[in-house]
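Student: Take this sequence and fold it.
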Amino acid sequence: MTDHPHGPTTAIINIGKLLTGDVAAPHGTADSILIEEGLITELGGVDPARAERVINVGGATVAPGLIDSHCHVVLGDYTPRQRAIGFLESYVHGGITSCISPGEIHLPGRPHDAAGVKALAVLAQRSWANYRPNGMKVHGGAIILEPVLTRSDFDEVVAEGVWLAKFGFGLYDDPAEGLQQVRDAKAAGIKVMAHSGGASIPGSKPITADHLMLLKPDVCGHVNGGPSSLDDEKLDVLVRETDLILQLVQAGNLRSSLRIIDAVRDIGAEHRVIIGSDTPTGTGVMPLGMIKTVAELASLGNVDPGLVWAWASGAIADVYDLPTGKIEIGRQADLVVADAPWGSHGVGAIGALARGDIPGISAVLIDGEVRALTSRNTPASATPVVVDPHMDDPCGSEHVC
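Tutor: Next up, the predicted model:
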């Protein structure tokens, strides 16, 4: 077999259901996918003889890899908050192929001076650009907004590759005082996520719907609560009278999430919703945090599972301009193969999600390379994949990568 930078040319065949990751059209019809050099190059009618590796999914569902839009990375595959090692490798087994840092806020002794804040952002950005645990794509190095930062500071870190920022953990007496830093960061081309809701850790402050409407961040982080939820009436104004991006997270308030999606659908603003886990935090390390949220919103919110999956993949790619998250020609081949878990009364992965069941993941691909065959975290899939030529599970018989 010929070696390629992103693995062999691969054909995925016998697709039963296809989730596209596109909010506007979440269900596709292609029965097969061709992957070359890590990219999706053909959809439907693929001749498996053209491929060096054939993955027969046996009628299961293929969907874009989940993107955790709120994952509390620091440095390395380690979380100081929960003292857990290897959590990102495990998140891949939950169908998560990319994640976005909301600032490396859990670093012990995190600095607040301008030089330290900039150094931390650049260090994290550099580190995650070079380190991909089990193939996971980590967009790290989000600069944490502090009162001491100026427009020139933001221009400086942008020149070093930093493009993310987080507001809500700086030394502000009142969150409204951060307006200048939010504006300066956005003007420098940085995507700004703001904390929303009650305080989460020592050093953070409650940020209200009024604050969010004043600050106008690119993303209202955990707008369903971080973990405490916003005022119901003010939240309704935020949803209905702004165009801000609304991030719903597993570690937030589920009641608030359901209210938000009802309002979003009422005004036809489904394109403004994205999903994250907001873990690892006090809620814990949750490899199934993203897919669990998809199941909860689909079942309890009575939302099309394909649309919710798009909120957890392609919608995030749209907000952050990522070349993944959708099953489209030219996109990076970050994919999840799943079916109903053994024992579920739902039909297929979509039916399982509609009932609130977590599907069984039978394969995860990142850049077209197989990273897991059978998840070590989900229930067993009712339909295992068959790979030709045969390959062993990349994580071994004990499912440890």
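
Student: Can you spell out which helices and strands pack onto the strand ranked longest in the chain?
Tutor: Determined from DSSP state E, the single longest strand within the chain is strand 360-366. Packing partners of strand 360-366 (3 or more C-beta pairs under 8 Å, 6 or more residues apart in numbering; DSSP states H and E): strand 335-339, strand 369-373. All C-beta atoms are positioned from the backbone trio N, CA, C, and that covers glycine.

Student: now for those, which one comes closest to Leu107?
Tutor: Taking C-beta to C-beta, strand 369-373 is the member of those nearest to Leu107, at 27.4 Å.

Student: number of nearby residues for the nearest residue to Leu258 once chain neighbours are set aside?
Tutor: With sequence-adjacent residues excluded and distances taken as C-beta to C-beta, 6 or more residues apart in numbering, Leu258 is closest to Gly301, at 5.3 Å. By the criterion of other C-beta atoms under 10 Å, Gly301 has 20 neighbours.

Student: what does stretch 351-359 rub up against?
Tutor: The contact list for stretch 351-359 (C-beta atoms under 8 Å, 6 or more residues apart in numbering) reads 61, 288, 291-292, 294-296, 298-300, 305, 308-309, 338-341, 344-346, 349, 378-379, 381.

Student: helices and strands around the host helix or strand of Val308, which ones?
Tutor: Assigned by DSSP states H and E, Val308 falls within helix 305-311. Judged by 3+ C-beta pairs under 8 Å, 6+ apart, the packing partners of helix 305-311 are strand 17-19, strand 273-276, helix 289-300, helix 348-355.

Student: pLDDT averaged over that helix - what is it?
Tutor: On average, the pLDDT along helix 305-311 is 98.

Student: same thing with stretch 27-42?
Tutor: Averaged across stretch 27-42, pLDDT comes to 98.

Student: please begin residue numbering at 48 from this point
Tutor: Sure, I'll start numbering at 48, so the last one becomes stretch 74-89.

Student: Between its first and last residues, how far does it reach?
Tutor: 17 Å (C-alpha to C-alpha, to the nearest Å).

Student: quick revisit: can you tell me which of the helices and strands packed on helix 352-358 is most buried?
Tutor: Comparing the helices and strands packed on helix 352-358 by mean neighbour count (mean count of other C-beta atoms under 10 Å), strand 320-323 ranks first with a mean of 29.

Student: any idea how far it is from the chain center?
Tutor: The chain centre lies 8 Å from the centre of strand 320-323; the measure is C-alpha atoms, centre = their mean, to the nearest Å.

Student: Kindly report the same for stretch 270-285.
Tutor: 21 Å.

Student: Show me which residues of it are buried.
Tutor: If you call a residue buried by 16 or more other C-beta atoms under 10 Å, then stretch 270-285 has these buried ones: 270-274, 276-277, 282-283, 285.

Student: now stretch 213-227
Tutor: Buried residues in stretch 213-227, counting neighbours by 16+ other C-beta under 10 Å, are found at 213-217, 219, 222, 225.

Student: Output the residues you listed in JSON lines; the columns should cover distance to Gly150.
Tutor: Below are the buried residues of stretch 213-227 laid out as JSON lines (distance: C-beta to C-beta, whole Å):
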{"residue": "Lys213", "distance to Gly150": "3"}
{"residue": "Phe214", "distance to Gly150": "9"}
{"residue": "Gly215", "distance to Gly150": "8"}
{"residue": "Phe216", "distance to Gly150": "7"}
{"residue": "Gly217", "distance to Gly150": "10"}
{"residue": "Tyr219", "distance to Gly150": "14"}
{"residue": "Pro222", "distance to Gly150": "15"}
{"residue": "Gly225", "distance to Gly150": "13"}
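
Student: hang on, the earlier thing: export the longest strand of the chain as CSV, just CAs?
Tutor: Only the C-alpha atoms of strand 407-413 are listed here, as CSV (Å, rounded to 0.1, in the frame of the first residue of the first chain):
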residue,chain,number,x,y,z
GLY,A,407,-22.7,3.6,19.1
ILE,A,408,-19.6,5.0,17.3
SER,A,409,-17.9,2.4,15.1
ALA,A,410,-15.2,4.5,13.5
VAL,A,411,-13.7,8.0,13.7
LEU,A,412,-11.5,9.4,10.9
ILE,A,413,-9.4,12.6,11.1
